[in-house]
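Q: Generate a structure from the sequence data that follows.
(one chain, ligands or ions: 2)
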Amino acid sequence: MAKLSFLFCILALHRILLVPSSCSGHLRQPETPVPFFIFGDSILDPGNNNYINTTTQHQANFWPYGETFFEYSTGRCSDGRLISDFIAKYAKLPMIPPYLQPGVQFNYGANFASAGAGALVETYQGEVIDLKTQLKYFEEMETSLRHKLGDAETKKFLSRAVYLFSIGNNDYMSPFSTVSSMQETSQKELVGRVIGNLTAVIKEIHDRGGRKFAFLNMGPLGCLPGMRALAPGRKGGCLKDASHLAKLHNAAFSQLLLKLESQLDGFKYSNINLYSYISQIMEHPTNYGFKEGITACCGSGPFRGIYSCGGRRGVKRYELCDKVSEYVWWDSFHPSERVYQLIAEQMWNGNPNVVEPYSLKSLFEWVEV
Ligand SMILES: *[C@@H]1O[C@H](CO)[C@@H](O)[C@H](O)[C@H]1NC(C)=O
Ligand SMILES: *[C@@H]1O[C@H](CO)[C@@H](O)[C@H](O)[C@H]1NC(C)=O
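A: Residues are numbered from 1 along each chain as shown. Ligands and ions are numbered 1, 2, ... in the order given. The predicted structure is shown next:
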């Protein structure tokens, strides 16, 4: 009798489970979210630097940062959202909060990025969370996940995830605060060290189960308003050597990715060619709905290239444009939210000439069998 009622119970349960609750007539598995991990610099930092001992040079937790979307400053170096916020939205994830935010959960991933950070420890050393330290935080998170989920589930979680990087900008731009040109041999040596350190981090994450990687390569770094302001003559030209470093990096990095794809088990990647994409927007702003492609919306001095937006970084006086939606550049070193959105759209499912070989959408949808 006990056996029979047990069986009945199972049948009843079965019926409940099989009765479609929607009109579509078939059951769907609840979708498992794909975790999203983010590493890098101010392009992707949602406010980690609010929680470290640093200077306002590497912070953006004051007005008018955030004015377009959040109505308060979150620490993002943007008038609104970042590329990673848009990608999270397209992937149907909530915004991934700063890893250092107290009480943060890792159910959907984590964001370790830090404004001012580089792949090299010596880039703004002591003022930022360098890439190696970001990796250390990732490993601490992994340890806490193992306690919660166990080893096998943690590995699965990390393998399912997408890992996004923006790193190198600060390694390549910071030397120009003291010099205006750099020898070709020093340039090659610097690129070698940046790529060497970045490679080590990619391999470490791969060892821990990571398979799906996405990268923002270097934009035309010498053409940022803050770099144009440093260019000799200040006639509006780009700081050539900084842009040249970006090109050297991008060429070497593309080679590296091909090598990693053949060396690392299951390694898949998406690389957006920011150099050509941002150059196009900057050179033909009206084609993309902007009016101004050279001068920033917020800052002071030539091209508003003096990094003073908000008046909290030493220089108190600054100008703020009326309509940031007309500007390609928000402040001396960062594109506006609308440009971030255009970039995120390209990364998600864009032109194969801009993003290759996989789109972010296909990385998020990819399931290992
Ligand atoms: C923060 O950094 C400043 C300057 O480097 C240093 O003098 C101070 O002791 C640091 N504070 C903490 C709490 O680490
Ligand atoms: C990483 O950066 C450090 C500091 O610049 C450098 O000494 C080291 O050679 C780099 N490592 C690699 C593998 O390139």
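Q: what about the strands in the stretch 51-200 of the chain?
A: 109-111, 162-166 (DSSP state E, counting those that start in this stretch).
Q: For the first one, buried residues please.
A: The reference is to strand 109-111. Buried residues in strand 109-111, defined by neighbour count with 16 or more other CB atoms under 10 Å: 109-111. The C-beta positions use only the backbone N, C-alpha and C, and glycine is treated the same way.
Q: among the strands of the stretch 51-200 of the chain, which is nearest ligand 2?
A: Of all the strands of the stretch 51-200 of the chain, strand 162-166 sits nearest to ligand 2, with 15.8 Å by CB to the nearest ligand atom.
Q: Just the mean pLDDT for the closest one, thanks.
A: For strand 162-166, mean pLDDT is 98.
Q: Can you tell me what sits against it?
A: Contacts to strand 162-166, defined as CB atoms under 8 Å, 6 or more residues apart in numbering, come from residues 34-41, 43-44, 83-84, 87, 91, 113, 198, 205, 210, 212-216, 360, 363-364.
Q: Would you give the sheet partners of it, along with the direction of each?
A: strand 36-40 (parallel), strand 212-216 (parallel) (DSSP bridges).
Q: mind checking which of those is nearest ligand 2?
A: strand 36-40 (15.7 Å).
Q: residues making contact with the closest one?
A: 44, 84, 87-88, 91, 93, 96, 108-114, 117, 131, 134-135, 138, 161-167, 201, 205, 210, 216.
Q: again, only using 6 Å
A: With contacts defined as CB atoms under 6 Å, 6 or more residues apart in numbering, strand 36-40 is touched by 44, 84, 88, 93, 96, 109-113, 134, 161-167.
Q: okay if I get the strands of the stretch 51-200 of the chain as a markdown table plus distance to ligand 2?
A: What follows is the strands of the stretch 51-200 of the chain, written out as a markdown table (distance: least, CB to the nearest ligand atom, whole Å):
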| stretch | distance to ligand 2 |
| --- | --- |
| strand 109-111 | 23 |
| strand 162-166 | 16 |
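Q: what's the burial count for whichever residue of the chain sits closest to ligand 2?
A: Closest contact between the chain and ligand 2, by CB to the nearest ligand atom, is at residue 196 (2.1 Å). Neighbour count of residue 196, defined by other CB atoms under 10 Å: 12.
Q: And the pLDDT for residue 34?
A: At residue 34, the pLDDT value in this model is 97.
Q: And for it, nearest residue in space, chain neighbours not counted?
A: residue 364 (5.0 Å; CB to CB, 6 or more residues apart in numbering).
Q: which residues sit in contact with the one you found?
A: 34, 91, 162.
Q: Is the last one bridged to anything, and to what?
A: Listed by DSSP bridges, the beta-bridge partners for residue 162 are residue 36, residue 212.
Q: if I look at it, how far off is residue 182?
A: As judged by CB to CB, to the nearest Å, residue 162 and residue 182 stand 34 Å apart.
Q: out of these two, which sits in the busier spot?
A: Neighbours were counted for residue 162 and for residue 182 using other CB under 10 Å; residue 162 has more, 24 against 17.
Q: Can you tell me how far that one is from residue 365?
A: Residue 162 is 10 Å from residue 365, where distance means CB to CB.
Q: Please tell me how far residue 106 sits from residue 91.
A: Where residue 91 is concerned, residue 106 sits at a distance of 16 Å (CB to CB).
Q: higher neighbour count, those two?
A: Neighbour count, other CB under 10 Å: between residue 106 and residue 91, residue 91 has more, with 20 against 17.
Q: Now the residue minimising distance to the centre of the chain: closest residue in space, sequence neighbours ignored.
A: Centroid check for the chain by CA atoms, centre = their mean gives residue 44 as the closest residue, at 3.7 Å. Once flanking residues are discounted, residue 44 sits nearest to residue 113: 3.9 Å by CB to CB, 6+ apart.
Q: What are the phi and psi values at that neighbour?
A: Residue 113 adopts backbone torsions of phi -60, psi 150, taken as degrees, to the nearest 10.
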